[in-house]
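Enquirer: next one to model:
(chains A, B, C and D)
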4 protein chains.
Amino acid sequence: MNEELESLAVRLREFARERDWERFHTPKNLAMALAGEAGELVAEFQWLTAEESASPDADTLARIRAELGDVTLYLVRLADVLGVDLVAAATDKLADNERRYDATGYRGSARKAPPSA
Amino acid sequence: MNEELESLAVRLREFARERDWERFHTPKNLAMALAGEAGELVAEFQWLTAEESASPDADTLARIRAELGDVTLYLVRLADVLGVDLVAAATDKLADNERRYDATGYRGSARKAPPSA
Amino acid sequence: MNEELESLAVRLREFARERDWERFHTPKNLAMALAGEAGELVAEFQWLTAEESASPDADTLARIRAELGDVTLYLVRLADVLGVDLVAAATDKLADNERRYDATGYRGSARKAPPSA
Amino acid sequence: MNEELESLAVRLREFARERDWERFHTPKNLAMALAGEAGELVAEFQWLTAEESASPDADTLARIRAELGDVTLYLVRLADVLGVDLVAAATDKLADNERRYDATGYRGSARKAPPSA
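Expert: Alright, predicted model coming up:
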């Protein structure tokens, strides 16, 4: 884990320990909390057009930033509890995607949209 | 943004540019993709007990790690497109939470569970 | 619960009982499964424009229909396990919304978008 | 669509029309709204044990019922906009599942948990 994410993980460990909330922080519960926050994030965008979503007004951006913060906190906490290095997991997945969707084959013309899964 | 997350963001920018996928990567669409991946992550835990979720077998952990990677990729890409620093957003939110749920008042006895929002 | 939803609920009870899956069908687990299916549903739309989403091609519509079916199954099963009448719950919520967002005040001009929550 | 769901769909059509919100109700946006509500629903269960989730106190049950209502409203509205019959879609999917997970093979012993997808 890189330094700043590791430092966040350490503060979250402390936060849970001081409140006696460690027993609530099972991976199952944290995954649910993450899904809940992802739901709040997507809800911020639900009535915006594509264009509006690309240049949200200051209030909307502040709410989106707060939701991004919440998602990050639960993601870092969940990865920490499971002993997973998030940056390594993401880097591996990106390398998979680079192989799977080679730039030439997926560029332009025929298949224009990225796959969903 | 810290160095490793920034480096991921740069690779994701390149990945989208090379495939001509930038027009798909609106914040609205990326928030949907993030919610979809959070759904796949939570699905990995849905039939596990709390205990099982804390010590998943090797195959399950590999699938969970891959989903954590996917969530991280879309989170980093969404934050990059919006110009949000994820670590700063998370740190601000954690500071809010530390104030809001003071360790003494929320510890032990009466109110035992963390709040949902 | 109305007749057809009740009949679905009964078949789902039987389905779980015959497979000895009742112990997996706690409300907590079923809510996770529903969130997972809602994630798959939203993923079907993530790269579509608003216009494309309104007239999906036959293959896409078939996949969307299957996801709508999955969401409905878990929603009906969850409500059944909790003893909640879905149509009554939805009708009550709609009545709340009709009061909260009165047609005259929310129509046209100034506040054009529906609220997110 | 059965009678009561059809009647809900008609009221929702009217609700959107009276507020001039039809242009917000694209399938894409409605799928996002549904995912957002599914996130709120899963959040209600996130810190509960399996046992607690099966017998929620009155306040929790009232909040869960309201979230189930919200999910149902967006599900019915989305299906209506797409011309999908929810009960038929769910019935088809259940028939698939009955074939796929035959009661004898999946009962008891070896493979005890239902599959995730």
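
Enquirer: which ones are touching the closest residue to A:D92 other than its chain neighbours?
Expert: Leaving aside its sequence neighbours, A:D92 sits nearest to B:G69 (C-beta to C-beta, 6 or more residues apart in numbering or on different chains; 6.1 Å). C-beta: built from backbone N, CA, C; applies to glycine. Contacts for B:G69 (C-beta atoms under 8 Å, 6 or more residues apart in numbering or on different chains) come out as A:L86, A:A89, A:A90, A:T91, A:D92, A:K93, A:L94.

Enquirer: let me know the pLDDT of A:A103.
Expert: pLDDT, A:A103: 83.

Enquirer: distance of the residue lying closest to it once chain neighbours are set aside from A:G105?
Expert: Excluding its sequence neighbours, the residue lying closest to A:A103 (C-beta to C-beta, 6+ apart) is B:E18, at 4.1 Å. Using C-beta to C-beta, to the nearest Å, B:E18 is found at 11 Å from A:G105.

Enquirer: the two - which one has more neighbours?
Expert: B:E18 (16 against 9; other C-beta atoms under 10 Å in any protein chain shown).

Enquirer: isn't the more buried one up against A:Y101?
Expert: No: counting by C-beta atoms under 8 Å, B:E18 sits too far from A:Y101 to count as a contact (9.6 Å).

Enquirer: residues from chain A in reach of chain C?
Expert: Contact residues (C-beta under 8 Å from any C-beta of the partner chain) of chain A with chain C: A:31-32, A:35, A:39, A:42-44, A:46-47, A:49-50, A:113-114, A:116-117.

Enquirer: just the buried residues from those, in PyMOL please.
Expert: Buried members of the residues of chain A next to chain C, defined by 16 or more other C-beta atoms under 10 Å in any protein chain shown, are picked up in PyMOL with:
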select buried, chain A and resi 31+32+35+39+42+43+44+46+47+49+50+114+116
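
Enquirer: of the residues of chain A next to chain C, closest to chain D?
Expert: Nearest to chain D, judged by C-beta to the nearest C-beta, of the residues of chain A next to chain C is A:G39 at 1.5 Å.

Enquirer: residues contacting that closest one?
Expert: B:A35, B:A38, C:A35, D:A35, D:G36, D:E37, D:A38, D:G39, D:E40, D:V42, D:A43.

Enquirer: now it, nearest residue through space, not along the chain?
Expert: D:G39 (1.5 Å).

Enquirer: from A:M32, how far off is the one you found?
Expert: 9 Å.

Enquirer: again with A:D20
Expert: On the measure of C-beta to C-beta, A:D20 and A:M32 end up 20 Å apart.

Enquirer: using JSON lines, lay out the contacts of B:G69 together with distance to C:D80, pLDDT and secondary structure.
Expert: Below are those laid out as JSON lines (distance: C-beta to C-beta, whole Å; pLDDT from 0 to 100; DSSP: H, G, I helix; E, B strand; the rest coil):
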{"residue": "A:L86", "distance to C:D80": "38", "pLDDT": "97", "secondary structure": "helix"}
{"residue": "A:A89", "distance to C:D80": "37", "pLDDT": "98", "secondary structure": "helix"}
{"residue": "A:A90", "distance to C:D80": "39", "pLDDT": "98", "secondary structure": "helix"}
{"residue": "A:T91", "distance to C:D80": "44", "pLDDT": "97", "secondary structure": "helix"}
{"residue": "A:D92", "distance to C:D80": "41", "pLDDT": "98", "secondary structure": "helix"}
{"residue": "A:K93", "distance to C:D80": "37", "pLDDT": "98", "secondary structure": "helix"}
{"residue": "A:L94", "distance to C:D80": "42", "pLDDT": "97", "secondary structure": "helix"}
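
Enquirer: now, the residues of chain A next to chain C that are in strands?
Expert: Within the residues of chain A next to chain C, no residue falls in strands by DSSP state E.

Enquirer: what's the helix or strand for the residue nearest to A:D92?
Expert: helix B:58-82 (DSSP states H and E).

Enquirer: quick check: angle from that helix to helix A:58-82?
Expert: Angle of helix B:58-82 versus helix A:58-82, following axes from the mean of the first three to the mean of the last three C-alpha atoms, to 10 degrees, is 160 degrees.

Enquirer: can you give me the buried ones in helix B:58-82?
Expert: B:60-61, B:63-82.

Enquirer: which residues touch the helix or strand bottoming out on mean pLDDT in chain A?
Expert: The helix or strand of chain A with the lowest confidence, counting by mean pLDDT, DSSP states H and E, is helix A:103-106 at a mean of 79. Contact with helix A:103-106 is made by A:P114, B:E18, B:R19, B:W21, as judged by C-beta under 8 Å, 6+ apart.

Enquirer: chain center to it, what's the gap?
Expert: 26 Å (C-alpha atoms, centre = their mean, to the nearest Å).

Enquirer: same question, stretch A:30-47
Expert: Counting by C-alpha atoms, centre = their mean, stretch A:30-47 comes out at 10 Å from the chain centroid.

Enquirer: likewise for stretch A:43-53?
Expert: Per C-alpha atoms, centre = their mean, the centroid offset for stretch A:43-53 relative to its chain is 18 Å.

Enquirer: quick check: end-to-end length of it?
Expert: With C-alpha to C-alpha, to the nearest Å applied, stretch A:43-53 spans 12 Å between its terminal residues.

Enquirer: mind showing which ranges of chain A have poor pLDDT?
Expert: The model of chain A has pLDDT under 70 over residues A:1, A:108-112, A:116-117.

Enquirer: what does it have sitting close to chain D?
Expert: So far as C-beta under 8 Å from any C-beta goes, chain A lies against chain D at A:24, A:29, A:32-33, A:35-40, A:42-43, A:45-47.

Enquirer: so which of the residues you listed belong to helices?
Expert: Counting by DSSP state H, the residues of chain A next to chain D place A:N29, A:M32, A:A33, A:A35, A:G36, A:E37, A:A38, A:G39, A:E40, A:V42, A:A43, A:F45 in helices.

Enquirer: tell me which two in the residues of chain A next to chain D are the farthest apart.
Expert: A:F24 and A:W47 (33.1 Å; C-beta to C-beta).

Enquirer: which residues touch A:A66?
Expert: Going by C-beta under 8 Å, 6+ apart, the list of residues near A:A66 reads B:A89, B:D92, B:K93.

Enquirer: nope, A:A16 is what I was after
Expert: By C-beta under 8 Å, 6+ apart, the contact list for A:A16 reads A:E22, A:F24, A:H25, A:R77.

Enquirer: run the last query once more with 7 Å
Expert: A:E22, A:H25 (C-beta atoms under 7 Å, 6 or more residues apart in numbering or on different chains).

Enquirer: gap between A:D57 and B:D80?
Expert: From A:D57 to B:D80 the distance is 20 Å (C-beta to C-beta).
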